[in-house]
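>>> Sequence first, then the predicted structure, then my questions.
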Amino acid sequence: MSFADDLLEQAHHLIGKDGANPKEASLRRAVSTAYYALFHLLIDEAVGNWAIVRHRSKLGRAFDHGSMKNICEDQIKTFHSTGRPALLVRLEEVARTFVELQGARHTADYDNSHLDESRCAGLD
């Protein structure tokens, strides 16, 4: 099983571990973990055919979240300007999912503006 698969499995575990009333922390960590699953899957796919196997890990560390998001956004714009060619539909779906999931991860990891006040009682 790949690291990306392990991360996605962990995200599913976090969602279900608290039963019908999941803790906000579990949901937030699940979103963040799901994003990292996609991030690492894309990197693995990008470097997986690199001819020099021992360089793959080093090459993978060169990938940047912001740059990947910008490339995905550019792909989405280009895709729409070309009339949605059938061969690129899946690529556009992956690009859109990456952008949306990265935004959700930022919200999950950094935005405390909508925390349930009752769950935060006694933490101050």
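Good, I have the coordinates. Numbers count the residues shown, from 1 in each chain.
>>> What ranges does the protein have for its strands?
Counting by DSSP state E, the chain has no strands at all.
>>> Just to check, residue 105 is in contact with residue 28?
No - look at residue 105 against residue 28 with C-beta atoms under 8 Å: they stay out of range, at 9.1 Å. C-beta coordinates here come from the backbone N, C-alpha and C atoms, glycine included.
>>> Please work out how many residues are found near the closest residue in space to residue 92 that isn't next to it in sequence.
Sequence neighbours aside, residue 79 is the residue nearest to residue 92 in space, at 4.4 Å (criterion: C-beta to C-beta, 6 or more residues apart in numbering). When neighbours are defined as other C-beta atoms under 10 Å, residue 79 has 18 of them.
>>> List the contacts of residue 79.
85, 88, 91-92, 95 (C-beta atoms under 8 Å, 6 or more residues apart in numbering).
>>> Out of those residues, flag the one nearest to residue 16.
Comparing these against residue 16 with C-beta to C-beta picks out residue 95 as the nearest, at 28.6 Å.
>>> Check the contact between residue 102 and residue 70; I expect there is one.
No - between residue 102 and residue 70 there is no contact under C-beta under 8 Å: 10.8 Å.
>>> Now do residue 54: how many residues are near it, please.
Using other C-beta under 10 Å, residue 54 has 7 neighbouring residues.
>>> Grab the nearest non-local neighbour of the residue nearest in space to the middle of the chain.
Centroid-nearest residue in the chain: residue 35, 1.8 Å away (criterion: C-alpha atoms, centre = their mean). Of all residues not flanking residue 35 in the chain, residue 105 sits nearest, at 3.9 Å (C-beta to C-beta, 6+ apart).
>>> Also residue 96?
Spatial nearest neighbour of residue 96, chain neighbours left out: residue 76 (5.9 Å); criterion: C-beta to C-beta, 6+ apart.
>>> right, and the one you found touches residue 92 too?
Yes - using C-beta under 8 Å, residue 76 makes contact with residue 92 at a distance of 6.1 Å.
>>> Could you list the buried residues of stretch 58-77?
For stretch 58-77, the neighbour count (16 or more other C-beta atoms under 10 Å) marks 68, 72, 75-76 as buried.
>>> Which single one of these is nearest to residue 7?
Nearest to residue 7 among these, counting by C-beta to C-beta, is residue 68 at 16.1 Å.
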